[in-house]
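J.: test case, fold it:
(one chain, ligands or ions: 3)
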Amino acid sequence: MIIFLVGFMGCGKSTKAKQLAHRLDCPVIDLDAVMVEREGQSIADYFATHGEAAFRELESQTLKTYAYPETCIVATGGGLPCFFDNIDWMNAHGITVYLQMTPPQLVSRLHNREKRPLLKGMDDEQLLEFIIKKLDERNPFYNQAKVIVNSFDLDAERLEEAIRLQNL
Ligand SMILES: Nc1ncnc2c1ncn2[C@@H]1O[C@H](COP(=O)(O)OP(=O)(O)OP(=O)(O)O)[C@@H](O)[C@H]1O
Ligand SMILES: O=C(O)C1=C[C@@H](O)[C@@H](O)[C@H](O)C1
Ligand SMILES: [Mg+2]
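T.: Ligands and ions are numbered 1, 2, ... in the order given. Next up, the predicted model:
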């Protein structure tokens with residue numbers, strides 16, 4: 001079974017993916033990291049040289065063509081579920097889990113903004129405003145996930161339970 005973790009930048013996808021993979025003794029795949037490795041370029045550099053539209057194409061293609069092991073945890077990019085038919089594809093191929101956080105909680109987790117092309121140069125106030133607006137656009141996609149959990153202070157054991165309750 002493939003478990004896809006989705007949610008806004010900073011909601012804990014990469015951290016929780018590693019913890020869950022450890023508990024379930026299976027590999028973890030971080031799709032942002034897969035693209036960085038394949039392209040030999042950071043995501044910020046990819047955005048700068050090719051633009052966001054090209055990045056979204058690459059991201060969708062990477063999602064759909066990756067050779068996933070039978071059981072694995074996949075940390076997805078923050079925008080991935082919101083483009084093309086990516087959320088439908090994930091729902092058809094595995095269990096989707098939305099790691100939900102409030103905008104102020106996300107602000108408190110989003111350091112290193114210079115590495116994130118969409119957040120570059122923002123202070124806390126601008127970031128909060130941006131997140132509120134973006135979440136409004138993105139929630140209709142994130143909310144199509146099969147499991148929805150508040151991920152602030154969520155430990156991996158409780159996350160595993162929430163997924164099992166729904167699916168395993
Ligand atoms: N339980 C926690 N308490 C405090 N900080 C945490 C906790 N879990 C994760 N973090 C920190 O929050 C930040 C975001 O976590 P993480 O990188 O896992 O999110 P993400 O959803 O993968 O974000 P993105 O892929 O957009 O970079 C990181 O700096 C991480 O170290
Ligand atoms: O929320 C987004 O649109 C993004 C999130 C990151 O994981 C990266 O995939 C990229 O920086 C874009
Ligand atoms: Mg991540």
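J.: pLDDT weak spots in the protein?
T.: Judged by pLDDT under 70, the chain has its weakly predicted residues at 168.
J.: got the residues of it near ligand 3?
T.: If contacts are counted using CB under 5 Å from the ion, the residues of the chain sitting beside ligand 3 are Lys13, Ser14. All C-beta atoms are positioned from the backbone trio N, CA, C, and that covers glycine.
J.: how about the helices in this protein?
T.: In chain order, the chain shows helices spanning 13-24, 31-39, 43-50, 52-65, 86-93, 103-109, 124-142, 156-166, with DSSP state H as the criterion.
J.: could I have the last one exported to CSV, CA atoms only?
T.: Extracted C-alpha coordinates of helix 156-166, given in CSV (Å, rounded to 0.1, in the frame of the first residue of the first chain):
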residue,chain,number,x,y,z
ALA,A,156,3.5,9.1,14.6
GLU,A,157,1.7,6.5,16.6
ARG,A,158,-1.6,8.5,16.5
LEU,A,159,-1.1,9.1,12.8
GLU,A,160,-0.7,5.4,12.1
GLU,A,161,-3.8,4.7,14.1
ALA,A,162,-5.8,7.3,12.1
ILE,A,163,-4.7,5.7,8.9
ARG,A,164,-5.4,2.2,10.1
LEU,A,165,-8.9,3.2,11.2
GLN,A,166,-9.7,4.3,7.7
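J.: against which helices or strands is that helix packed?
T.: helix 13-24, strand 95-100, strand 147-150 (3 or more CB pairs under 8 Å, 6 or more residues apart in numbering; DSSP states H and E).
J.: give me every residue that touches the residue in the chain positioned nearest to ligand 3.
T.: Scanning the chain for the residue nearest ligand 3 gives Ser14, at 3.3 Å (criterion: CB to the ion). Applying CB atoms under 8 Å, 6 or more residues apart in numbering to Ser14 gives the contacts Asp30, Ala75.
J.: please report how far it lies from Glu70.
T.: Ser14 sits 22 Å away from Glu70, going by CB to CB, to the nearest Å.
J.: got it, and Arg158?
T.: Looking at Arg158 against Glu70, where the rule is CB to CB, the gap reads 25 Å.
J.: which of these two has more neighbours?
T.: Arg158 (12 against 7; other CB atoms under 10 Å).
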